[in-house]
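*Asks:* What would the 3D arrangement of this be:
(2 chains)
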Amino acid sequence: GQSLEQPSEVTAVEGAIVQINCTYQTSGFYGLSWYQQHDGGAPTFLSYNALDGLEETGRFSSFLSRSDSYGYLLLQELQMKDSASYFCAVGYGQNFVFGPGTRLSVLP
Amino acid sequence: DTEVTQTPKHLVMGMTNKKSLKCEQHMGHRAMYWYKQKAKKPPELMFVYSYEKLSINESVPSRFSPECPNSSLLNLHLHALQPEDSALYLCASSQEGTSGIEQYFGPGTRLTVT
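*Replies:* Predicted coordinates for the structure are as follows:
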């Protein structure tokens, strides 16, 4: 099976930069995705890495290193609205697996 | 239109009831998914329809029965559920295939089994 690991909680202040790591024990997956989910809301897609390297989308960047079985989501210029849960996820074959999620709290 | 809609928003049902959850998307996506999410846990994939062909997650009990009437609609039929089936049920769609790149999620149906 596929196994992903993330820190359970991260806390940062407004305006700061935070990195959420994702390590995995898997193979044969298409790429690493990141989703954001606010309390009571649905997951929303943030970013996808099919190849090693950095992908940048506005304040959010995501990185993948297949050789290190590691990826991260980087959030810059944190805002209060960024307080949410963040999930890494992989798709392979007919399946799609989410990591356990990291709860980000942004403090004023 | 980048919206996935789900009905109902909330559902309370007894263990002997039969009910259905509905999901609709008009983005021309060819893959649709059902997920189950318990509180403070990640979504867990239950079923995938890709080009209207079902892929079954073998760990899902038979009391959950999916149906894909056409490429825009997805139903989840519920029968003889257990209290532990209480959860948020999320529908999602993606442009094609089951690699899951950029899935769009509906708001979910919060199900309570009494």
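*Asks:* need the residues of chain A near chain B, please.
*Replies:* A:30-31, A:33, A:35, A:41-45, A:48, A:50, A:87, A:89, A:91-101 (CB under 8 Å from any CB of the partner chain). C-beta coordinates here come from the backbone N, C-alpha and C atoms, glycine included.
*Asks:* could you redo the last one with a cut-off of 7 Å?
*Replies:* Applying CB under 7 Å from any CB of the partner chain, we find that chain A lies next to chain B at A:30-31, A:33, A:42-45, A:48, A:87, A:89, A:91, A:94-96, A:98-101.
*Asks:* Just the ones of those in strands?
*Replies:* Among these, the members falling in strands (DSSP state E) are A:33, A:44, A:45, A:48, A:87, A:89, A:91, A:95, A:96, A:98.
*Asks:* circling back to that earlier point, buried ones only from the residues of chain A next to chain B, please, as a PyMOL command.
*Replies:* Of the residues of chain A next to chain B, the buried ones go into a single PyMOL selection, burial set by 16 or more other CB atoms under 10 Å in any protein chain shown:
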select buried, chain A and resi 30+31+33+42+43+45+48+87+89+91+94+95+96+98+99+100+101
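*Asks:* Kindly provide the distance from residue A:66 to chain B.
*Replies:* Distance of residue A:66 to chain B, computed by CB to the nearest CB, to the nearest Å: 15 Å.
*Asks:* ok, of the ones in strands among the residues of chain A next to chain B, which one's closest to residue B:108?
*Replies:* Distance to residue B:108 across these (CB to CB) is lowest for residue A:44, with 12.5 Å.
*Asks:* Retrieve the pLDDT associated with the closest one.
*Replies:* Residue A:44 carries a pLDDT score of 96 in this model.
*Asks:* Can you give me every residue that contacts the residue nearest to it when sequence neighbours are not counted?
*Replies:* With CB to CB, 6 or more residues apart in numbering or on different chains as the measure, residue A:36 is the residue that lies nearest to residue A:44, at 5.3 Å, once sequence neighbours are left out. Contacts here follow CB atoms under 7 Å, 6 or more residues apart in numbering or on different chains; on that basis residue A:36 touches A:43, A:44, A:46, A:84, A:86.
*Asks:* and which of these is nearest residue B:31?
*Replies:* For residue B:31, the closest of those turns out to be residue A:43, at 15.6 Å, with distances computed as CB to CB.
*Asks:* Correct me if wrong: the closest one contacts residue A:37.
*Replies:* Yes. Counting by CB atoms under 7 Å, a contact exists between residue A:43 and residue A:37, whose distance comes to 4.5 Å.
*Asks:* Now list whatever residues contact both of those two.
*Replies:* Each of residue A:87 lies in contact with both residue A:43 and residue A:37 under the rule CB under 7 Å, 6+ apart.
*Asks:* And the lowest-mean-pLDDT helix or strand in chain A, how far out from the chain middle?
*Replies:* The weakest-scoring helix or strand in chain A, judged by mean pLDDT, DSSP states H and E, is strand A:95-98 (a mean of 88). With CA atoms, centre = their mean, to the nearest Å as the basis, strand A:95-98 stands 14 Å off its chain's centre.
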